[in-house]
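> from the sequence below, what's the structure:
(chains A and B)
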Amino acid sequence: MIPPELRAEAQGETPAEAAVEAPGHRRRLFAATLGRLLRHRLFLTGLCLFGIILIAAVLAPLIAPEDPDRLAMRFKFLPPSAEHPFGTDNFGRSQWSRVIYGAQLSIAMGLAVVALNAVFGTLIGALAGYFRRLDNPIMRINDALMAFPAILLAIGITAVLGPSTIDVVIALAIAYIPRTARIVRASVIVLREMEYVQAAIAAGAGHWRILRHHILPNAMAPLIVQLSFLFAYAVLSEATLSFLGLGAVPPTPTWGNIMAQGRQYMTEAPWIITIPGVALMITVLGLNLLGDGLRDVLDPRLRVQP
Amino acid sequence: MTRLILRRFASALPILLMVSLITFALMRLVPGDPSAVIAGLSATPEQVAAIRSDLGLDQPLPVQLWRWYAGLLHGDLGRSLLLGQPVVEATFLRLPVTLALSAYALVLTLLLGLACGIIAALRQNSWVDQAAMVAAMFGISMPSFWLGLLMILVFAVNLHWLPTGGYIAFSDDPVGWLRTSTMPAISLALLQAGLLARITRSTMLEVLRQDYIRTARAKGLPRHLVVFKHALANALIPITTVVGITVSLLISASVVTETLFSIPGIGQLLTQAVLNRDYPMVQGGLLIVTGLLVLVNLVVDIGYALLDPRVRYDPA
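Residues are numbered from 1 along each chain as shown, chains lettered A, B, ... in the order given. You can find the predicted model right below:
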């Protein structure tokens, strides 16, 4: 009779893995975490706030049928009304459409920055944390990149790449990846020394397998928390860059662009700057609250509010 | 202590070296030919070639690198294309403006952040605590340029209390400086104050739960003495590191604030440089600002060691 641990190993699984992969275990863990999140008041508030913006962004073509770039000079500077819920700008464009399509762009760009961070931040952090020989060279470059204030580095990179939606995403990703990598590295270093990882090494598991199955799944909690805050920073930084004229080129309806343009007409049409700002704040506030909630539930050690 | 300071300096050196290398690489990474981008579409090939040799981009890379570091050691980072002024001179001319504004914002941050954080911690879970933390959350999530815009709209455009923008140096007219700097400083400080309030609250709560605080209260010391002498002194230690980060965040946030309020500081200089493809200025300005921030963090680090004897004990 072969003991179960050995059998598992013969099938290519180490004992630790067999325990983790027990049927239904992951699903139960996920359900329990979700349940705790949904009982967390701040998380729910954040979910609602961000949800409003997300739904508006997804349903943009349905709820904002008017083309955000359509000029209608005879309608210029109309204050908010039933027909134009957010008023019109100096070209008579519907601010309702522009703000909602702006939400789409903000969320898409923020998500892209988050995705790039998730991939490259994890990769770089895992390499530095797991392979001792790579740690020093990688972290030297990482520290230097982190010495630049993120937004200044992003501005420097947009100077090189030129202003466009994709280039802004790349610039912001490069500015924030070192910070993500640092967090992943910190958890990997701790996990690498854990007994179950040592056991997997002793059982002859390869580096890639150990990283993928034993280390990274357990390094996810701080990463997810970091990424949710990063989402907020990315949306905020993108708006800042495009407000400065360093982001997507006008007339692209990013919130930053709308506000930069509305600045000149502040006295006659204050709604052009106020409404996108409210939308931006709701998004950032929602994401920050989501981040706080995730941190409380996933990573109680980092909790700010006891 | 001297050894510690020397060691910290030594650890900052490779970072500075790397930072200078990254800024050097930045201009060389411009897709295509940076000289052609600078010269514009209507330039003749001769004009492009002239700019290229002016920037030294016609030299082989090792020579360029050598010249970059040789210049760096002489305090020469090239000439701004836009201003026709040496980059170092242009940066240091505007530095005092940014520093004065950041210092003002830092004072506001500390006052607001510490006060909110301490009060919230002392009244944990009361409505005061919750109100303070909601306010902090709003502060963190408020885009600083939008807050600036709203303040301009209310206090400058509608109420005419303060000018919409511009800058008067403190040495020229202190009242004028206050009038031009207050709105920018508030818009910079609110975000930082929110962060600081949250950190102060959680550190204070942690310290207040320690045994020695209970002992101090039990032996009959008045509450305010315990809070300010026993608790705050220890809570301030982790807060010191936050101040280092705050300075860095304030300087980066000043990019947008200065542009918004037309304040002739480094932030506005860099934004103009990027918008006008003034590569030497972008490169040099970025290097100087980052270099200074590395030094600020070094000073904070050493200050931390002075405050907390446990940090001074360094087994390495």
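> low-confidence stretches in the chain?
Reading this off chain A. A:1-23, A:300-306 (pLDDT under 70).
> that's the wrong chain, I meant chain B
The low-confidence ranges in chain B, as defined by pLDDT under 70, are B:32, B:311-316.
> show me where it has helices.
B:2-28, B:34-39, B:45-55, B:61-73, B:87-122, B:127-141, B:144-151, B:174-208, B:211-218, B:223-225, B:232-260, B:266-275, B:279-307, B:309-312 (DSSP state H).
> redo those as a markdown table? Include mean neighbour count.
Where C-beta positions appear, they are placed from N, C-alpha and C, glycine not excepted. What follows is these, written out as a markdown table (neighbours: other CB atoms under 10 Å in any protein chain shown):
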| stretch | mean neighbour count |
| --- | --- |
| helix B:2-28 | 15 |
| helix B:34-39 | 19 |
| helix B:45-55 | 15 |
| helix B:61-73 | 13 |
| helix B:87-122 | 21 |
| helix B:127-141 | 18 |
| helix B:144-151 | 23 |
| helix B:174-208 | 22 |
| helix B:211-218 | 13 |
| helix B:223-225 | 10 |
| helix B:232-260 | 21 |
| helix B:266-275 | 25 |
| helix B:279-307 | 20 |
| helix B:309-312 | 11 |
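> now those helices as TSV including distance to residue A:163?
Converted to TSV, the helices of chain B look like this (distance: least, CB to CB, whole Å):
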stretch	distance to residue A:163
helix B:2-28	16
helix B:34-39	13
helix B:45-55	21
helix B:61-73	26
helix B:87-122	22
helix B:127-141	26
helix B:144-151	17
helix B:174-208	24
helix B:211-218	54
helix B:223-225	54
helix B:232-260	15
helix B:266-275	9
helix B:279-307	14
helix B:309-312	44
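> export these to CSV and append columns for distance to chain A.
Converted to CSV, the helices of chain B look like this (distance: least, CB to the nearest CB, whole Å):
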stretch, distance to chain A
helix B:2-28, 3
helix B:34-39, 8
helix B:45-55, 14
helix B:61-73, 15
helix B:87-122, 10
helix B:127-141, 4
helix B:144-151, 4
helix B:174-208, 5
helix B:211-218, 15
helix B:223-225, 21
helix B:232-260, 3
helix B:266-275, 4
helix B:279-307, 5
helix B:309-312, 19
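> mind checking which of the ones you listed is nearest residue A:60?
helix B:144-151 (22.0 Å; CB to CB).
> which strands or helices does that closest one pack on?
When contacts are defined as 3 or more CB pairs under 8 Å, 6 or more residues apart in numbering or on different chains; DSSP states H and E, helix B:144-151 sits against helix A:255-262, helix A:271-298, helix B:174-208, helix B:232-260.
> what's the angle from it to helix B:174-208?
Taking axes from the mean of the first three to the mean of the last three CA atoms, to 10 degrees, one finds that helix B:144-151 is oriented at 130 degrees with respect to helix B:174-208.
> what does helix B:144-151 contact?
A:240, A:243, A:259, A:263, A:266, A:273-274, A:277, A:280-281, B:183-184, B:186-188, B:190-191, B:253, B:256-257, B:260-261 (CB atoms under 8 Å, 6 or more residues apart in numbering or on different chains).
> and residue A:94, how close does it get to chain B?
Noted for residue A:94: a distance of 21 Å to chain B, by CB to the nearest CB, to the nearest Å.
> same deal with residue A:101?
From residue A:101 to chain B the distance is 19 Å (CB to the nearest CB).
> same check on residue A:122?
22 Å.
> name the helix or strand for that residue, please.
Per DSSP states H and E, residue A:122 falls inside helix A:122-130.
> what comes up buried for that helix?
A:122, A:124, A:125, A:126, A:127, A:128, A:129, A:130 (16 or more other CB atoms under 10 Å in any protein chain shown).
> now the closest residue to the first one other than its chain neighbours: which helix or strand?
It stands for residue A:122. Nearest non-adjacent residue to residue A:122, counting by CB to CB, 6 or more residues apart in numbering or on different chains: residue A:184, 5.3 Å away. Following DSSP H and E, one finds residue A:184 within helix A:165-192.
> remind me what that helix packs against, helices and strands.
Using 3+ CB pairs under 8 Å, 6+ apart, helix A:165-192 is in contact with helix A:95-116, helix A:122-130, helix A:132-147, helix A:150-161, helix A:216-243.
> list the buried ones in the third one?
Going by neighbour count (16+ other CB under 10 Å), the buried part of helix A:132-147 is A:135, A:138, A:139, A:141, A:142, A:143, A:144, A:145, A:146, A:147.
> can that helix be found next to chain B?
Yes: using CB under 8 Å from any CB of the partner chain, helix A:132-147 reaches chain B at A:140, A:141, A:143, A:144, A:145, A:147.
> does residue B:123 touch residue B:133 like I think?
No: using CB atoms under 8 Å, residue B:123 makes no contact with residue B:133, being 11.0 Å away.
> residue A:267: what secondary structure?
Residue A:267 carries the three-state label coil when classified by DSSP: H, G, I helix; E, B strand; the rest coil.
> over to it: give its phi and psi.
Backbone torsions for residue A:267, taken as degrees, to the nearest 10, come to phi -70, psi -50.
> repeat for residue A:244
phi -80, psi -10.
> leaving out chain neighbours, which residue sits closest to it?
residue B:271 (5.4 Å).
> what sits against the one you found?
Taking CB under 8 Å, 6+ apart as the test, what residue B:271 contacts is A:155, A:244, A:245, A:246, B:255, B:256, B:258, B:259.
> do stretch A:71-81 and chain B meet at all?
No: contact of stretch A:71-81 with chain B (CB under 8 Å from any CB) is absent, the minimum separation being 14.9 Å.
> gap between that stretch and the chain center?
Computed by CA atoms, centre = their mean, to the nearest Å, the chain-centroid distance of stretch A:71-81 equals 35 Å.
> same thing with stretch A:124-132?
That offset, for stretch A:124-132, works out to 22 Å (CA atoms, centre = their mean).
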